[in-house]
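J.: Need coordinates for the below:
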Amino acid sequence: MARIVYSCCGEGQGHSSRTLTMVRALRRQGHEVLVLAARKAFEVLHPKTESVEEIPGLLIVYKNNQVQPLSTLRGNWPMMRDKKKIVSRLVTRLKEFRPDLAVVDFEPFLPLAAKQMNLPWISIDHQHVIPHMSPKVPMAKWIEQLSCAFVILQTHVGEHANLVTSFYQPDEPHPADVHFLPPILRDEVLKLKPENTGHVVVYQTSTSFTRLPELLKTLPYRFHIYAFDQTGTDDNLTYFPRKNEGFIEDVAKADWIFTNGGYTLMSESLFLNKPVFSVPVQGQFEQWINGYYLEKLGYGMMCTNPQEIPARLTSFVQQLDTYRGNLKGKDFFGNERAIKSILRYVDQHDPRMDKPIPEPALKPA
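T.: Numbering: from 1, shown residues only. You can find the predicted model right below:
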């Protein structure tokens, strides 16, 4: 069996949950996997699986539900200044581990170390869907779109393949080394039996959307909120810890989901047949494009102006049955195809493997 080094971005719960799912599956296949995780991802992964080591990682600074570019740049500058030292330490660790393949989930340093060692590597993430989609982008979003595409293309250069997991995919032809897969779902999600019990789950990427409770109090629904560092009940709002073991079970029992534009919760909600009302974090183009295709495909609604939330929600709730009907029969499960795709590249580059290289099943049977 092969040795695989797998690195994970430190921002966003989706990266760590996807990494954990893939690493567990690879280990079940008998492969030895070293996990390199940054910041929040390390905090999530270290208690849940073995062979996890912490590496530096990029951060994103939020305020009032909006990305702060200058603060983000200042926060990342010391690490980018020490990029050569970080990569050098990674090269030393890789020489000790002697991997056959590197897998990268939107993490910037392992690709640089892999290239120095002439180590084959592939990426698996959602972000790489963006350069291949062509939505009608408002002029106000053009700078965000260009900046986002630039970061994505510069973060990963030289990979053997992009495995792109997404609930929306391009119709037009794309490069042969880019493979589109349905969402990768956690084992906990696959075991759930969804039902509608009358409440709405609210999740926010950061705690910075301070005006949210005031908005929600004006609406005639029971909200279970996973967004702030508090607990308890206030009128129609019930607060839960952001890191709550019962969160995804609560999602499975909700009538619908109120969230930002984060890809993972959207995908899990859609798999559980839950329509999504999306309020993307301002300044995060990836969240905007997720909301755009959520609405375009008829799975939910996007609202980019917090002042319009009450009116948009009224329209959204009136269409819940339509959204649920649109979700039925759709393919939101890509785990098996993702593992087959990764193992294809293990087979290609592991000299101990002498079996034929199977073409991965990239489309539903």
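J.: got the contact list for Phe97?
T.: Contact analysis of Phe97 by C-beta atoms under 8 Å, 6 or more residues apart in numbering lists 3, 5, 34. From N, CA and C alone the C-beta is placed, and that goes for glycine too.
J.: Please tell me I have it right and Val129 contacts Phe167.
T.: No: judged on C-beta atoms under 8 Å, Val129 makes no contact with Phe167 at a distance of 9.5 Å.
J.: residue ranges of the helices in the stretch 51-200 of the chain, please?
T.: All helices of the stretch 51-200 of the chain, identified by DSSP state H, counting those that start in this stretch, fall at 69-81, 83-97, 109-117, 142-155, 187-190.
J.: for those, which one sits closest to Phe277?
T.: helix 187-190 (19.7 Å; C-beta to C-beta).
J.: And that closest one, what's buried?
T.: Val189 (16 or more other C-beta atoms under 10 Å).
J.: how far is that helix from where the chain is centred?
T.: 16 Å (C-alpha atoms, centre = their mean, to the nearest Å).
J.: same check, this time on stretch 116-131
T.: On C-alpha atoms, centre = their mean, the centre of stretch 116-131 falls 14 Å from the chain's centre.
J.: what comes up buried for that stretch?
T.: Result for stretch 116-131 [16+ other C-beta under 10 Å]: buried residues 119-131.
J.: same question, stretch 165-176
T.: Quick answer for stretch 165-176 (16+ other C-beta under 10 Å): 165-168, 174.
J.: can you give me the strands in the stretch 151-300 of the chain?
T.: 161-165, 178-181, 199-203, 222-226, 232-234, 237-239, 256-259, 276-278, 300-302 (DSSP state E, counting those that start in this stretch).
J.: Widest-spaced pair of the buried residues of stretch 165-176?
T.: Across the buried residues of stretch 165-176 (C-beta to C-beta), the longest gap, 16.7 Å, separates Phe167 and His174.
J.: quick one: Leu313 and Pro220 touch, right?
T.: No: judged on C-beta under 8 Å, Leu313 makes no contact with Pro220 at a distance of 9.8 Å.
J.: So for the two, which sits in the more crowded spot?
T.: Using other C-beta atoms under 10 Å as the criterion, Leu313 and Pro220 rank with Leu313 on top: 22 against 8.
J.: domains for this protein, by residue range?
T.: 3-184+334-349, 192-327 (automatic domain parsing).
J.: Which of those comes out lowest on mean pLDDT?
T.: Lowest mean pLDDT within the domains of the chain: domain 3-184+334-349, a mean of 86.
J.: how far is that domain from where the chain is centred?
T.: With C-alpha atoms, centre = their mean, you get 10 Å for domain 3-184+334-349.
J.: ditto for stretch 2-19
T.: 10 Å.
J.: Show the end-to-end separation of that stretch, please.
T.: Terminal residues of stretch 2-19 are spaced 17 Å apart (C-alpha to C-alpha, to the nearest Å).
J.: element containing Arg312, please.
T.: Assignment of secondary structure by DSSP states H and E places Arg312 within helix 309-318.
J.: ok, then the element right after that helix?
T.: helix 320-327.
J.: following that following helix, which helix or strand shows up next?
T.: Counting by DSSP H and E, what follows helix 320-327 is helix 335-349.
J.: relative orientation of that following helix and strand 161-165 in degrees?
T.: Angle of helix 335-349 versus strand 161-165, following axes from the mean of the first three to the mean of the last three C-alpha atoms, to 10 degrees, is 170 degrees.
J.: For helix 335-349, buried residues please.
T.: Quick answer for helix 335-349 (16+ other C-beta under 10 Å): 335, 337-339, 341-347, 349.
J.: could you say what helices and strands that helix packs with?
T.: Secondary-structure packing of helix 335-349 (3 or more C-beta pairs under 8 Å, 6 or more residues apart in numbering; DSSP states H and E): helix 13-28, strand 101-105, strand 121-125, strand 161-165, strand 178-181.
J.: 7 Å - rerun?
T.: If you count contacts as 3 or more C-beta pairs under 7 Å, 6 or more residues apart in numbering; DSSP states H and E, helix 335-349 packs onto helix 13-28, strand 101-105, strand 161-165, strand 178-181.
J.: Make TSV out of the ones you listed and add distance to Gln318.
T.: Putting the helices and strands packed on helix 335-349 into TSV (distance: least, C-beta to C-beta, whole Å) gives the following:
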stretch	distance to Gln318
helix 13-28	30
strand 101-105	38
strand 161-165	31
strand 178-181	33
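J.: Thr259 is nearest to which of those?
T.: Using C-beta to C-beta, the nearest of the helices and strands packed on helix 335-349 to Thr259 is helix 13-28, at 11.5 Å.
J.: what's the following helix or strand after that closest one?
T.: Next along from helix 13-28, by DSSP H and E: strand 32-38.
J.: which residues are contacting that next one?
T.: 1, 3-10, 16, 19, 23, 26-27, 45, 49, 51-57, 97, 99, 107, 110 (C-beta atoms under 7 Å, 6 or more residues apart in numbering).
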